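Novice: Take this sequence and fold it.
(chains A and B)
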Amino acid sequence: MEKLLSNIRNGEHVVIRELKNSIFKVKMMEMGLIKGKKIEVLFRAPFGGPIAIDVDGYTLSLRKDEATLVLVENQTDI
Amino acid sequence: MRIALIGNPNTGKSTVFNMLTGMRQHVGNFPGVTVDKKTGNIEIGDEKHELVDFPGTYSLYPRSKDEEIVYNSLCDPKNSEYPDAVIVIVDASNLERNLLFFSQVYDLQIPIILVLNMTDLAKKQNKEINVKALEDLFPEASVVESIARVKSGKTQLFYAISSLKERKGHVFHKDITVASSLDIQEQETDTEKRFAYLKEIIGGIEKVVEKKERPANKWDKILVHPVFGYLIFSIILLVIFQFIYVFATIPMDIIDGAFASLSGWMSDVMPDGVLTDLLTQGIIPGIGGIAIFIPQIALLFFFIAILEETGYLSRVVFIMDRLLRPFGLNGKSVVPLLSSVACAIPGVMSARTISDKKERLITILVAPLMSCSARVPVYTILIALVIPSKTIFGFMNLQGLVLFGLYALGLFSALGVAILLKIFIKRKEKGFLMLEMPSFKRPRVQNILMVVVEKVKLFVWDAGKIILSISIILWALASYGPGNRIDEVVAKVEAEAIQKNWSESTKNQEIASVKLENSYIGILGKSIEPVIKPIGYDWKIGISLITSFAAREVFVGSMATIYAVGDDSETRKPLLDKMREQKRADGTPVFTLAAGVSLMVFYVFAMQCMATLAVVKRETKTWKWPLIQVGYMGVLAYLGALIAFNLLS
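Specialist: This is a model prediction of the structure:
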């Protein structure tokens, strides 16, 4: 089932399914957010602030509205 | 040979730069952009090379004007910055993502060195890198392994520089070509293809021996906690400011005293004349006015560099971003704004970490509204003058409460102006936060010292020129008047002194007072009286407003000169008494509650600091923004003072 990265709970492992079209798309890919990549949501800032995810062992932080551009699915769904 | 140093952010690029060049570095400009160009010299035997540090970027494709430097310099052989060779720093613990950028640069056919940095970190994560396979993939690149943090790999890197491999046209993949900087669609395709190919081959280069669980991020959990996160940050800030207040004042007093005695000594030994006056009253105090800021700048950047080096700063940005965004600011604005409570100069300089142009500009424009330490002497003398020292609500001192109110006024107006600027400043590039949160590291002393030295140098050379020029202009305006007006009034005072049998010091104070009154600044102060009358000031205050454009604290000294009292006592009692005695033409006192509060409000808002002006010019690289800043802060100051004066009269 497709979900938005912004809605994933802390500690959950998901797989990137698609990046929505936006001016950030190439930038996001460059930061390692590529289709099929396994990521983990690590923690998030208080008051609806940015979220931090693990991509290949490094920590990437992105704003909530940036995270809504990333469609993910549960690993078990594949 | 000119060598470009490039790489992803957080790959240890500046550490490699410091390792290769040592202290032989200087800062210049890339043509047409606001980015500093750091250059350093490398000497390998008889060979001399120039190493240019380019802004860190995740790919060749520019997302901002600043990132365009990398694309334009590397892709166009006719560009003035086109290098003879390029060193790409690759984070060994994050190979796949870093190889994207490397593969793009590799395809440009410039002689190239791949520095596999942070190999220790990769090992810690149980990642094994097959260097041979990497060399096979990029046969025309020299591959060097390094751990720049402990200066490992320097010799190998020097060897690679002096024995560069020739480029014969080999590319990463024959079906993939670097896209144009304008074609987003093509860039997307290129990035997709490169990652697809990397995914195919990465298994042959990098082996994850045993997938280890991430080193527990329990620290992160605490540092971004809704309660502890902000608490820890507040405590760290408190400690830093305590250090700055306590330890910066010692060298500042020494510098102040040293320049004052140098001036005094020079005027004693040199013959009387214009040149002596220029030197002792213009140039030496001007240089002193630059040097006085060095302790604060050095200390603040010392702490900021530690926070940055350890990786803590990115956690601060993470928890502050959401709170500051409604104001058009960025999580990274926290440091500049809070630093400005000590001094706006390092504050404005530290705004450089904000990558979003608009957010950085807003931060710079509002930072001087935060009440800095130079306002304290002005606030304290005015509070002592017009605010009674009494206890209210049973435990609060009214004077202390007013002081707190002035700080609060500064903070809230900074946030309010930020909101307005957010609406009025047009954004060329859409802002984003997406940033790498580096793992926690032990800070390297060398890197921190380099930051401190670089910032102090930048301030002294770039802003110093402007500060010195303005202080010489102000000196000339305060020392000369039209015709021989000054000579005439001085002669009059000298005659009066003999008649009334004044002591030497009384005579000198009176002379200084009439000199200032009849100088160009004095005349200017008198001529603005109609303008400042509605906010409750007379021409004497007008003169002090003009002279204290040099720096706010000059206000106190200026008032002392005009009222012909000494300004040497700790209590400033003579000055306070004199100010209380001042009467208007109609017999009412000058320093009423209304006029006093009006002046305080004026100093909360007005951009009375040429050093800040100079630094804003340095950081925005145009006179437009500092002038806008002087303008808007002046309007705020006048209106605020007008409202305060009329409400309290």
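Novice: use CA for all of it now, contacts and neighbours both
Specialist: Will do.
Novice: Which of the three states applies to B:Val27?
Specialist: Here B:Val27 is strand, with the state taken from DSSP: H, G, I helix; E, B strand; the rest coil.
Novice: and it, what pLDDT?
Specialist: On the pLDDT scale, B:Val27 is placed at 79.
Novice: What distance do you get for it to chain A?
Specialist: 29 Å (Cα to the nearest Cα, to the nearest Å).
Novice: now swap in B:Lys357 and tell me
Specialist: For B:Lys357, the distance to chain A - Cα to the nearest Cα - is 16 Å.
Novice: Neighbours of that residue, how many?
Specialist: 19 (other Cα atoms under 10 Å in any protein chain shown).
Novice: Quick check: it vs B:Phe432, distance?
Specialist: Distance, B:Lys357 to B:Phe432, by Cα to Cα, to the nearest Å: 11 Å.
Novice: name the helices or strands packed onto the longest helix seen in chain A?
Specialist: Looking across chain A with DSSP state H, the single longest helix is helix A:25-30. For helix A:25-30, the elements it packs on are helix B:184-205, judged by 3 or more Cα pairs under 8 Å, 6 or more residues apart in numbering or on different chains; DSSP states H and E.
Novice: Check the offset of the helix it packs on from the chain's centre.
Specialist: Averaging C-alpha positions (Cα atoms, centre = their mean, to the nearest Å) puts helix B:184-205 39 Å from its chain's average.
Novice: before we move on, the earlier item: now the longest helix of chain A - C-alpha only, CSV.
Specialist: This file holds the C-alpha atoms of helix A:25-30, laid out as CSV (Å, rounded to 0.1, in the frame of the first residue of the first chain):
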residue,chain,number,x,y,z
LYS,A,25,12.9,15.8,-7.6
VAL,A,26,16.5,15.7,-8.9
LYS,A,27,17.8,17.2,-5.6
MET,A,28,16.0,14.4,-3.7
MET,A,29,17.5,11.8,-5.9
GLU,A,30,20.9,13.3,-5.4
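Novice: So what are the sheet partners of the helix or strand just after it and their directions?
Specialist: Following helix A:25-30 in sequence order, the next helix or strand is strand A:38-44 (DSSP states H and E). Paired with strand A:38-44 in the same sheet, following DSSP bridges, are strand A:13-19 (antiparallel), strand A:51-55 (antiparallel).
Novice: pLDDT of the last one, averaged?
Specialist: Taken as a whole, strand A:51-55 has an average pLDDT of 93.
Novice: ok so, going back, output the strands paired with strand A:38-44 as JSON lines; include the columns mean neighbour count.
Specialist: Output for these, formatted as JSON lines (neighbours: other Cα atoms under 10 Å in any protein chain shown):
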{"stretch": "strand A:13-19", "mean neighbour count": "20"}
{"stretch": "strand A:51-55", "mean neighbour count": "23"}
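Novice: what about the residue lying farthest from the centre of chain A, is that helix, strand or coil?
Specialist: What lies farthest from the middle of chain A is A:Phe47; by Cα atoms, centre = their mean that is 18.6 Å. Secondary structure state of A:Phe47, per three-state DSSP, is coil.
Novice: which non-adjacent residue is nearest it?
Specialist: Distances taken as Cα to Cα, 6 or more residues apart in numbering or on different chains place B:Arg322 nearest to A:Phe47, at 7.0 Å, with adjacent residues excluded.
Novice: ok so the one you found is a helix residue?
Specialist: Yes: with three-state DSSP as the criterion, B:Arg322 is part of a helix.
Novice: Who are the contact partners of it?
Specialist: B:Arg322 is in contact with A:Phe47, A:Gly48, A:Gly49, A:Pro50, B:Gly331, counting by Cα atoms under 8 Å, 6 or more residues apart in numbering or on different chains.
Novice: Could you verify my assumption that the third one touches A:Glu66?
Specialist: To tie it back to what came earlier, the one meant is A:Gly49. No: applying Cα atoms under 8 Å, one finds A:Gly49 not in contact with A:Glu66, separated by 11.1 Å.
Novice: Next up, the contacts around B:Glu43.
Specialist: B:His49.
Novice: oh, I was asking about B:Glu359
Specialist: Applying Cα under 8 Å, 6+ apart, the residues near B:Glu359 are B:Gly328, B:Leu329, B:Asn330, B:Ser333.
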